[in-house]
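[1] Predicted model, plus sequence, below.
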Amino acid sequence: MRKLTWGLALGAVMTLYTATASAQGYGMAGCGLGSLVFQNDNAMIKQILAATTNGTFGSQTFGITSGTSNCTSGGVLKSEKEQAAFVEVNFRDLKRDMAAGGGEFLTSFSTLLGCDASAKAGLGKMTQEKYEALVPSNDTTPMQLLWSVKTQIKATPALAQSCSDERAIARAEGKPVKLASSRSAIK
């Protein structure tokens, strides 16, 4: 009887895991290099090969810790990585645009932050007015700047309403982005 109970429990867990894995875009072998090489196909041989690939190369563990190889918790990680990468790569130009209150780098950054079109001018104005607080010294790092801007957005009611993590995540996932002021969506 005990073996039957354990067998049923294991079967239920595997069924739930399979449904979850299929919804995530990979099969029962899970995320990792195997999920990329042997795409979402639950054929037994492909799942065995995917699991073997994951185990051989340790790619599933790496994927989970780095948020790569289909191992992400939705677009949250992707959105945050895009923002961080953008600030790192465009740090000097972004600071210049922030000091000026606008520009193409600041406009692109506002999109990554999930700001709708109506908030971009307000973000430019805020970054210009609060520039010395956002960039307090020559030693300010790109990550400190990102954190400061996001903190200031949340502290500014109009920007907090028009710039949202939900819009940033939807954009990162390639889903339609709902505007704060209307029911229409943009891509």
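    Arrived safely, thanks for sending.
[2] Is Gly102 in a helix, a strand, or coil?
    When the structure is reduced to helix, strand and coil (DSSP: H, G, I helix; E, B strand; the rest coil), Gly102 reads as coil.
[3] Now it: closest residue in space that isn't a chain neighbour?
    Nearest residue to Gly102, sequence neighbours excluded (CB to CB, 6 or more residues apart in numbering): Gly124, at 4.0 Å. Heads up, the C-betas are built off the backbone N, CA and C, glycines and all.
[4] Show the pLDDT at the one you found.
    If you check Gly124, the pLDDT there is 96.
[5] neighbours of it, just the number please.
    Residues within reach of Gly124, counting by other CB atoms under 10 Å, total 19.
[6] show me the contacts for it.
    97-98, 101-103, 106, 110 (CB atoms under 8 Å, 6 or more residues apart in numbering).
[7] and of these, the nearest to Lys46?
    Distance to Lys46, by CB to CB, is smallest for Ser110 among the contacts of Gly124, at 42.5 Å.
[8] The closest one contacts Ser118, doesn't it?
    No. Proximity of Ser110 to Ser118 does not meet the contact threshold set by CB atoms under 8 Å, at 10.7 Å.
[9] Looking at those two, which is more packed in?
    Shown here are Ser110 and Ser118; by other CB under 10 Å, Ser110 has more neighbours (25 against 13).
[10] Who are the contact partners of that one?
    The neighbourhood of Ser110, defined by CB under 8 Å, 6+ apart, consists of 119-120, 123-124, 163.
[11] which of those sit farthest apart?
    For these, the maximum inter-member distance is 12.2 Å, found between Gly124 and Cys163 (CB to CB).
[12] re earlier: using a markdown table, please lay out the contacts of Ser110 together with distance to Val135 and secondary structure.
    A markdown table is the format used below for the contacts of Ser110 (distance: CB to CB, whole Å; DSSP: H, G, I helix; E, B strand; the rest coil):
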| residue | distance to Val135 | secondary structure |
| --- | --- | --- |
| Ala119 | 21 | helix |
| Lys120 | 19 | helix |
| Leu123 | 15 | helix |
| Gly124 | 15 | helix |
| Cys163 | 19 | strand |
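[13] Turn the residues you listed into TSV, including distance to Glu132.
    Listed next are these as TSV, based on distance: CB to CB, whole Å:
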residue	distance to Glu132
Ala119	22
Lys120	21
Leu123	17
Gly124	16
Cys163	21
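[14] Between the residues you listed, which sits nearest Gly58?
    Using CB to CB, Cys163 comes nearest to Gly58 of the contacts of Ser110, at 38.4 Å.
[15] Against Val89, how distant is the closest one?
    For Cys163, the distance to Val89 equals 21 Å [CB to CB, to the nearest Å].
[16] quick one, which of these two is more surrounded?
    In this view Cys163 and Val89 are compared by other CB under 10 Å, and Cys163 has more residues nearby, 25 against 12.
[17] Could you check how far that one is from Ile48?
    The spacing between Cys163 and Ile48, counted by CB to CB, is 46 Å.
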